[in-house]
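Engineer: With the sequence up front, the predicted model follows.
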Amino acid sequence: MIDRRRRALLAGIAGLPLAGLPGCGNEPRFTEVGFSVFGQLWTLRFADTPADQVTAAVRSAEAIVEPLYRRLHPWRDSELTRLNRQLAAHGEATASPAIRELIQAARPVFEASGGRFDPTIGGLIALWGFHRNGGNVDDAAITPPAEAALDDWLDDAPSLDDVRIDGEQVITANPRVQFDFNALAEGFAAARVLNAIESLGVTDCLLDSGGDLYTLGRAGGRDWQLGIRDPRGEGALGGVALSGRHALCSSGDYERRLTYRGERFGHIIDPLTARPARHNTGTTVLGRNPTIADGAATALMLLSPDQAGDFARQLGLDGTLLVTENGSAWRDAGMQSAMTAAPAGRPIDWHTL
């Protein structure tokens with residue numbers, strides 16, 4: 001289970017005024033500003049927001065996201081890699097409040113997924129080679145691990161159940177525990193950004209973290225109009241109108257993968273099998289907690305449709321959908337209520353979770 005450097009969602013804002021230009025009549029004025037972190041574009045789209053607030057909000061967002069990503073990088077030298085080395089060598093290490101918060105935030109997703117969402121499997125992700133390349137790779141770059149190596153890893157696999165927090169200390173008896181928070185980091189950072197810009201007086205903003213969408217307030221006098229990408233095509237599965245604070249997060253096997261001798265291996269790894277997820281090709285989650293929604297979208301990639309409903313209920317999600325590898329589309333009652341049909345796209349026969 002690792003992060004998706006994906007473009008899983010589309011901001012469905014066609015027909016609204018261009019960023020930075022005044023609307024016509026009662027149309028809101030939008031200002032859109034972006035910044036890049038490790039090659040990933042974060043964008044904030046403000047509605048009817050004074051220029052000084054926009055400037056302060058963007059500066060605040062950059063000051064949160066970039067340092068946090070540097071501290072949590074799972075393979076370049078960072079606070080996280082240093083903590084992982086300490087855990088491997090000594091079984092305990094002092095952790096910053098952010099890392100302790102992420103460990104605690106992962107717990108409900110870990111439990112609801114039956115252990116399939118597990119941030120302690122950084123060593124397994126490295127074994128597959130995804131720590132050596134941030135995007136798609138082919139057989140000229142790396143090869144999949146040998147079956148024997150994966151079976152050996154499973155013999156003494158780490159788990160979040162091997163970890164406890166005592167004050168500022170993270171403690172484990174399993175030296176294979178190696179944290180990788182990429183499946184939570186975007187949502188965690190987004191929550192901090194929304195809190196910060198709201199404290200500056202911003203009331204209406206759409207935050208795009210490079211695919212996942214987080215809303216604050218409204219798009220002027222209307223809801224934010226968002227679209228959910230079809231993981232099996234270029235179109236959209238449907239649209240969602242949101243106001244207030246919401247997270248619309250998605251995951252899929254279409255952005256990062258290893259291709260070896262014509263076979264494609266997705267980047268989301270099931271810790272219970274040590275092999276890539278095979279159930280689904282794309283998932284989307286609607287929720288109120290950005291960190292939980294971000295992690296839940298990844299965890300759903302590892303669950304079958306008959307497991308997804310209970311998973312969503314345990315986490316209190318507002319809506320979930322998934323598209324299986326055979327193209328079957330599933331959604332729960334919450335997502336069915338929230339979604340509107342896409343104006344164009346492939347015909348979809350929805351099943352109910």
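Structural biologist: Looks like it arrived, so ask away.
Engineer: what's around D230, how many residues?
Structural biologist: Close neighbours of D230, defined as other CB atoms under 10 Å, add up to 21. Any C-beta I mention is one placed from the backbone N, CA and C, and that applies to glycine too.
Engineer: let me redo that: G201
Structural biologist: When neighbours are counted by other CB under 10 Å, G201 registers 12.
Engineer: Stretch 114-125: end-to-end distance?
Structural biologist: 19 Å (CA to CA, to the nearest Å).
Engineer: Now do it, average pLDDT.
Structural biologist: Stretch 114-125 comes out with an average pLDDT of 96.
Engineer: Ok, stretch 324-333 next?
Structural biologist: The average pLDDT within stretch 324-333 is 93.
Engineer: so how far is that stretch from its chain's centroid?
Structural biologist: Relative to its chain's centre, stretch 324-333 lies at 19 Å (CA atoms, centre = their mean, to the nearest Å).
Engineer: Give me the distance between the two termini of it.
Structural biologist: So stretch 324-333: terminal residues 18 Å apart, CA to CA.
Engineer: Which residues does that stretch contact?
Structural biologist: Under the criterion CB atoms under 8 Å, 6 or more residues apart in numbering, residues 232, 237, 278-281, 305, 308-309, 312, 319-323, 339, 348-353 lie in contact with stretch 324-333.
Engineer: From the residues you listed, keep the buried residues only.
Structural biologist: Applying 16 or more other CB atoms under 10 Å to the contacts of stretch 324-333, the neighbour count classes 232, 237, 278-281, 305, 308-309, 312, 319-323, 339, 348, 353 as buried.
Engineer: Among the contacts of stretch 324-333, which ones are in strands?
Structural biologist: L237, N280, T281, G319, T320, L321, L322, V323, M339, W350, H351, T352 (DSSP state E).
Engineer: Let me see the contact set for the last one.
Structural biologist: Listed by CB under 8 Å, 6+ apart, the contact set of T352 reads W330, R331, D332, A333, Q336.
Engineer: ok, 10 Å please
Structural biologist: By CB atoms under 10 Å, 6 or more residues apart in numbering, the residues touching T352 are P305, G309, W330, R331, D332, A333, M335, Q336.
Engineer: low pLDDT regions in this structure?
Structural biologist: Along the chain, segments meeting pLDDT under 70 span 1-26, 132-142, 254-266, 344-345.
Engineer: Any buried residues in stretch 220-230, and which?
Structural biologist: Of all the residues in stretch 220-230, those buried under the rule 16+ other CB under 10 Å are G220, D223, W224, Q225, L226, G227, I228, R229, D230.
Engineer: of all those, which comes closest to L194?
Structural biologist: W224 (13.3 Å; CB to CB).
Engineer: So that closest one versus P343, what's the distance?
Structural biologist: 17 Å (CB to CB, to the nearest Å).
Engineer: E186 is in contact with T291, isn't it?
Structural biologist: Yes: applying CB atoms under 10 Å as the test, E186 and T291 come out as touching, 8.9 Å apart.
Engineer: So for those two, which residue has more residues nearby?
Structural biologist: With neighbours defined as other CB under 10 Å, E186 and T291 compare such that E186 has more, 29 against 26.
Engineer: Using CSV, write out every CA atom in the helix or strand containing that one.
Structural biologist: Assigned by DSSP states H and E, E186 belongs to helix 182-199. Taking C-alpha atoms only, helix 182-199 is exported to CSV below (Å, rounded to 0.1, in the frame of the first residue of the first chain):
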residue,chain,number,x,y,z
ASN,A,182,2.6,8.4,1.2
ALA,A,183,-1.0,7.0,1.2
LEU,A,184,-1.9,9.5,4.0
ALA,A,185,0.4,12.4,3.5
GLU,A,186,-1.6,14.4,0.9
GLY,A,187,-4.8,14.3,3.0
PHE,A,188,-2.8,15.1,6.2
ALA,A,189,-1.2,18.1,4.5
ALA,A,190,-4.5,19.2,3.0
ALA,A,191,-6.2,19.2,6.4
ARG,A,192,-3.4,21.5,7.7
VAL,A,193,-3.7,23.8,4.7
LEU,A,194,-7.5,24.1,5.0
ASN,A,195,-7.2,24.9,8.7
ALA,A,196,-4.5,27.5,8.0
ILE,A,197,-6.2,29.3,5.2
GLU,A,198,-9.5,29.3,7.1
SER,A,199,-7.7,31.0,10.0
